[in-house]
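K.L.:
Coordinates only, no sequence provided:
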């Protein structure tokens, strides 16, 4: 299996959970780097994966989705300077411990993960998507796993609908109906999680819902008559939202085969230099050393 890691989720989590009193010798905060490094070494030690990719976000305001819908993610504040400089350090650490890293100024980490999942699946590898973002559940197929590492939850394809409200392949349709306030994606006003789940339990996707719009008032859904009118009035919004919520699978990454994602032995000199610059102590050095000696390398 290939482990596809949504880095930003765990960098932000570390930023909020690790004290900002953790600084480098120059006095700059490196708390997010420390938390991310602990997460990454812990995951690698536990899972011992052969194939890994780490996806980073660069496209906070330059995603192709901003061209389709300028308010996309406009509700989000940009990372403060105290955090912004740590993103590059997190990537440097991931590369130093032997992991393939990817980012794009046009595509988001979700799209990178979706693309790699499709490419690796075509080569016979199932995927473990390491994230807390329900939007990425749409990537799952067959034996794939959604691993909420911080929450200690592994969710398979069959369990996803119970957890997220829709089958993985329906997640874009679900978000087209309810929207996503986190990403500032509009939905159909008056359509909540229960109504959306009921619609997608009856119909396969948004297209089938709109093809069967006259039947919606007969559904055993609270306010079904009004639901039909809301759907009809806001059809364009629903389809726009679905487009915005759909993970791309055609990001040009230059990955020819699974060998590009095979873990490498940690670069001891690079790790030592980086941890020294950051002022990190023996505990993290020991964790990286265990990774270097705890696995059979080619």
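P.N.:
Yep, it's here. Predicted, not measured: the structure shown is a model, and the values here were computed from it.
K.L.:
When you work out contacts or count neighbours from here on, use the C-alpha atoms and nothing else.
P.N.:
Will do.
K.L.:
list the helices and strands the lowest-mean-pLDDT helix or strand in the chain packs on?
P.N.:
Ranked by mean pLDDT, DSSP states H and E, the weakest helix or strand in the chain is helix 282-293, scoring a mean of 88. Secondary-structure packing of helix 282-293 (3 or more Cα pairs under 8 Å, 6 or more residues apart in numbering; DSSP states H and E): helix 31-47.
K.L.:
how's this structure carved up into domains?
P.N.:
2-161+248-293, 168-245 (automatic domain parsing).
K.L.:
Kindly present these as CSV, with separate columns for mean neighbour count.
P.N.:
Shown next, in CSV, are these (neighbours: other Cα atoms under 10 Å):
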stretch, mean neighbour count
domain 2-161+248-293, 18
domain 168-245, 18
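K.L.:
give me phi/psi at residue 16?
P.N.:
phi -90, psi -20 (degrees, to the nearest 10).
K.L.:
Show the pLDDT at it.
P.N.:
With respect to pLDDT, residue 16 scores 94.
K.L.:
quick one: low-confidence ranges for the stretch 51-200 of the chain?
P.N.:
Scanning the stretch 51-200 of the chain for pLDDT under 70 picks out no residues.
K.L.:
rerun that using 90 as the cut-off
P.N.:
Across the stretch 51-200 of the chain, the ranges flagged by pLDDT under 90 are 58-63, 74-82, 105.
K.L.:
mind listing the helices in it by residue range?
P.N.:
64-68, 81-96, 109-121, 157-164, 171-178, 193-202 (DSSP state H, counting those that start in this stretch).
K.L.:
and the second one, how far from the chain's centre?
P.N.:
Meaning helix 81-96. A distance of 17 Å separates the centroid of the chain from that of helix 81-96, by Cα atoms, centre = their mean, to the nearest Å.
K.L.:
do stretch 216-233 as well
P.N.:
For stretch 216-233 - counting by Cα atoms, centre = their mean - the centre lies 33 Å from the chain centre.
K.L.:
show me where the stretch 151-298 of the chain has strands.
P.N.:
Assigned by DSSP state E, counting those that start in this stretch, the strands in the stretch 151-298 of the chain fall at 153-156.
K.L.:
And the contacts of stretch 233-245?
P.N.:
When contacts are defined by Cα atoms under 8 Å, 6 or more residues apart in numbering, stretch 233-245 is touched by residues 65, 68, 135, 172-177, 179, 185-189, 206, 231.
K.L.:
Kindly provide the whole-number mean pLDDT of that stretch.
P.N.:
97.
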